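Peer 1: got a sequence here, can you model it:
(chains A, B, C and D)
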There are 2 protein chains.
Amino acid sequence: MNRSSSLHSPTFSPLYRQIKDLVLRHLESGEWGPGDPIPSESELATRFGVSQGTVRKAIDEMAAENLLVRQQGKGTFVATHKDPGSYFRFLRLLPNDGETRLSQSVPLECWRAKAGADVARILALEPGSPITIVRRLLKLGDEPVVFDEIYLPSELFPDLSLEILRSAESLYSLFETRYGVRMIRADERLRAVAADRVSAEWLQVTEGSPLLLVERVTFTYGHKPVEWRRGFYSTRNYHYHNELG
Amino acid sequence: MNRSSSLHSPTFSPLYRQIKDLVLRHLESGEWGPGDPIPSESELATRFGVSQGTVRKAIDEMAAENLLVRQQGKGTFVATHKDPGSYFRFLRLLPNDGETRLSQSVPLECWRAKAGADVARILALEPGSPITIVRRLLKLGDEPVVFDEIYLPSELFPDLSLEILRSAESLYSLFETRYGVRMIRADERLRAVAADRVSAEWLQVTEGSPLLLVERVTFTYGHKPVEWRRGFYSTRNYHYHNELG
DNA sequence: TAGTGGTCTAGACCACCCA
DNA sequence: GGGTGGTCTAGACCACTAC
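Peer 2: Residues are numbered from 1 along each chain as shown, chains lettered A, B, ... in the order given. The predicted model follows:
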């Protein structure tokens, strides 16, 4: 263990960050998969040759970043989208009246294409790379609320199809379990736009009525972009909720 | 110092949280004001009769919540909206093309009224309590981008006027320095709406064109709501940016 | 009872800032 | 050089879970 590489070195990083990087590598490689327990703090400490407090600080940071989940008395686990509690971490939609309804994801279309300049830039692909495009509708208690168009690198999701999409509970848990791609962070850009014909039909609103356009780039480990998504939100009965801390 | 009040007590809280509450009380009372340094960790440790590590953990949490700001070698300071870096913490607006422009807050109107049922509920006031309403325009490089209508309890901002608003750099730093009200957290609800006549005129868009409506409730210490704000965002050249962690 | 994470301590040393 | 926050250690004990 490089204990500091210190003395004004520009690549200095404290021990606990080096530990964090080591643990991260185990996550990236899939050696410790979503839902699995990772070794105990004391075991990691002896394995890495540092004190338990140092391991603790590394894990603290990763828990704060939603990469790991601690459970007192049981252990520390790799975070997973199968956990229903983490579902609304990426869907900031709440009903105006507070009454939660059942949500249902309805896949509409799924086809292959070649990445245009925009998608290629956003997903860090070569222009012309094979991509998979998915359209789907999110219904909340029989009301269509979100119409999504999702762009994915085909290389990572080789056999994705409508059949497979229909069998999944949630997109991100499907990506995680079937393709080993874990979504950990996303950037969203929100705009108000007028509904075009396609969105208007699916969302059952009149063409030209205001919709919330949510463009999302989703990243997996190592800041690697793996999904681009344009979602049209009907905000008659729902709103996008955000907390500013 | 109540070291645990433990043994299955429902009001159990660890030492460092009790320290945190003590520090919080100093902030709420204004004894340690925005921008001021707070006592050093070692001094707080001896003052409260705990170890430095315990104080450290308390301050860690408060720094993570943007209540305090640590500066290695200098000390720990009470967070302030005068710090220009904290300006965009509550304004998640970015230009589509990435080029930042000068921002300018233009106060339009300021008058008193009585709280209706809605405002009273949101601001936890008695219906009919005196409130102050402010309208203002946010310009980014000569383009009007946000039209805000702001509802405040008059009791907290007794002499607020257009004159005073015009002299301020930013609203929240004004509230902080002149009225001792520090905004620390906010809840936002976003919707897409059609521009009404008033908003359309101020934002120089055609009536009925889509606008992003951002409704914000802002809180000071103790989860006390102190501002309600309805902002109409023109999202032609700008977007609302959000990171999902 | 054994193993896990959670809290707390005391003390050492490092990195940074300023007078 | 003296004060501040930042890192790291070793060890103790508490709280929770499972068996």
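Peer 1: okay, CA-based contacts and neighbour counts for the rest of this
Peer 2: Fine.
Peer 1: what's the helix or strand hosting residue A:131 packed up against?
Peer 2: Assigned by DSSP states H and E, residue A:131 belongs to strand A:130-140. The helices and strands touching strand A:130-140, judged by 3 or more Cα pairs under 8 Å, 6 or more residues apart in numbering or on different chains; DSSP states H and E, are strand A:103-114, strand A:143-153.
Peer 1: switch to 10 Å and redo it
Peer 2: Applying 3 or more Cα pairs under 10 Å, 6 or more residues apart in numbering or on different chains; DSSP states H and E, one finds that strand A:130-140 contacts strand A:103-114, helix A:117-123, strand A:143-153, helix A:162-166, helix A:197-203, strand A:224-233.
Peer 1: pLDDT score for the residue positioned nearest the centre of chain A?
Peer 2: In chain A, the residue lying closest to the centroid (Cα atoms, centre = their mean) is residue A:183, at 3.1 Å. On pLDDT, residue A:183 comes in at 96.
Peer 1: let's verify it: helix, strand, or coil?
Peer 2: Secondary structure, DSSP: H, G, I helix; E, B strand; the rest coil: residue A:183 is coil.
Peer 1: contacting residues for it?
Peer 2: A:80-81, A:90, A:172-173, A:175-176, A:218-221, A:224-227, B:245 (Cα atoms under 10 Å, 6 or more residues apart in numbering or on different chains).
Peer 1: ok, residue A:217 next?
Peer 2: For residue A:217, the contacting residues are A:122-123, A:150-151, A:185-189, A:224-230, B:243, by Cα under 10 Å, 6+ apart.
Peer 1: and if we set it to 7 Å?
Peer 2: A:186, A:187, A:188, A:225, A:227, A:228, A:229 (Cα atoms under 7 Å, 6 or more residues apart in numbering or on different chains).
Peer 1: with respect to DNA strand D, which of those is nearest?
Peer 2: Taking Cα to the nearest atom of the strand as the measure, DNA strand D lies nearest residue A:186 of the contacts of residue A:217, at 25.8 Å.
Peer 1: I figured that closest one hits residue A:216, correct?
Peer 2: Yes. Shown here, residue A:186 and residue A:216 form a contact pair, counting by Cα atoms under 7 Å, at 6.5 Å.
Peer 1: residue A:83: neighbour count?
Peer 2: 11 (other Cα atoms under 10 Å in any protein chain shown).
Peer 1: ok, now residue A:210?
Peer 2: Count around residue A:210 with other Cα under 10 Å applied: 29.
Peer 1: residue B:208 is in contact with that one, correct?
Peer 2: No. Using Cα under 7 Å, residue A:210 makes no contact with residue B:208, being 8.7 Å away.
Peer 1: which helix or strand contains residue A:56?
Peer 2: helix A:52-64.
Peer 1: that helix near DNA strand D at all?
Peer 2: Yes. Using Cα under 7 Å from any atom of the strand, helix A:52-64 reaches DNA strand D at A:52, A:53, A:54.
Peer 1: helices and strands around that helix, which ones?
Peer 2: helix A:15-28, helix A:41-48 (3 or more Cα pairs under 7 Å, 6 or more residues apart in numbering or on different chains; DSSP states H and E).
Peer 1: give me the contact list for the longest one.
Peer 2: Read that as helix A:15-28. Counting by Cα under 7 Å, 6+ apart, residues outside helix A:15-28 touching it are A:3, A:4, A:32, A:33, A:54, A:55, A:57, A:58, A:59, A:221.
Peer 1: let me see the mean pLDDT of that helix.
Peer 2: Mean predicted confidence for helix A:15-28 is 97.
Peer 1: what do you get for the shortest one?
Peer 2: Averaging the model's pLDDT scores along helix A:41-48 yields 97.
Peer 1: next one: that helix to chain centre, how far?
Peer 2: 29 Å (Cα atoms, centre = their mean, to the nearest Å).
Peer 1: could you do the first one as well?
Peer 2: Helix A:15-28 has its average C-alpha position 20 Å from the chain's average C-alpha position, going by Cα atoms, centre = their mean.
Peer 1: and if you look at stretch A:148-166?
Peer 2: That offset, for stretch A:148-166, works out to 15 Å (Cα atoms, centre = their mean).
Peer 1: how many neighbours does residue A:28 have?
Peer 2: With other Cα under 10 Å as criterion, residue A:28 counts 16.
Peer 1: measure it to DNA strand C for me?
Peer 2: 19 Å (Cα to the nearest atom of the strand, to the nearest Å).
Peer 1: what's the answer for residue A:118, then?
Peer 2: As judged by Cα to the nearest atom of the strand, residue A:118 and DNA strand C stand 40 Å apart.
Peer 1: domain ranges for chain A, per the record?
Peer 2: A:15-78, A:84-240 (the TED database).
Peer 1: name the stretch among those domains that sits most buried.
Peer 2: Mean neighbour count (mean count of other Cα atoms under 10 Å in any protein chain shown) peaks for domain A:84-240 among the domains of chain A, with a mean of 18.
Peer 1: picking that back up, what does the helix holding residue A:56 rub up against?
Peer 2: A:16, A:17, A:19, A:20, A:41, A:42, A:44, A:45, A:68, A:69.
Peer 1: you'd agree residue A:187 is up against residue A:230?
Peer 2: No. Judged on Cα under 7 Å, residue A:187 makes no contact with residue A:230 at a distance of 11.9 Å.
Peer 1: overlap in contacts, those two.
Peer 2: With Cα under 7 Å, 6+ apart, residue A:187 and residue A:230 have common neighbours residue A:216.
Peer 1: list the contacts for the spatially closest residue to residue A:237 that is not a sequence neighbour?
Peer 2: Once flanking residues are discounted, residue A:237 sits nearest to residue A:96: 5.5 Å by Cα to Cα, 6 or more residues apart in numbering or on different chains. By Cα under 7 Å, 6+ apart, residue A:96 lies in contact with A:237, A:238, A:239.
Peer 1: my guess is the last one meets residue B:191, correct?
Peer 2: Yes. Under the criterion of Cα under 7 Å, residue A:239 is in contact with residue B:191, at a separation of 5.5 Å.
Peer 1: still on that earlier bit, between the contacts of residue A:96, which is nearest chain B?
Peer 2: residue A:239 (5.5 Å; Cα to the nearest Cα).
Peer 1: interface residues of chain A facing chain B?
Peer 2: Taking Cα under 7 Å from any Cα of the partner chain, the part of chain A that reaches chain B is made up of A:65, A:90, A:184-194, A:210-212, A:235, A:239-245.
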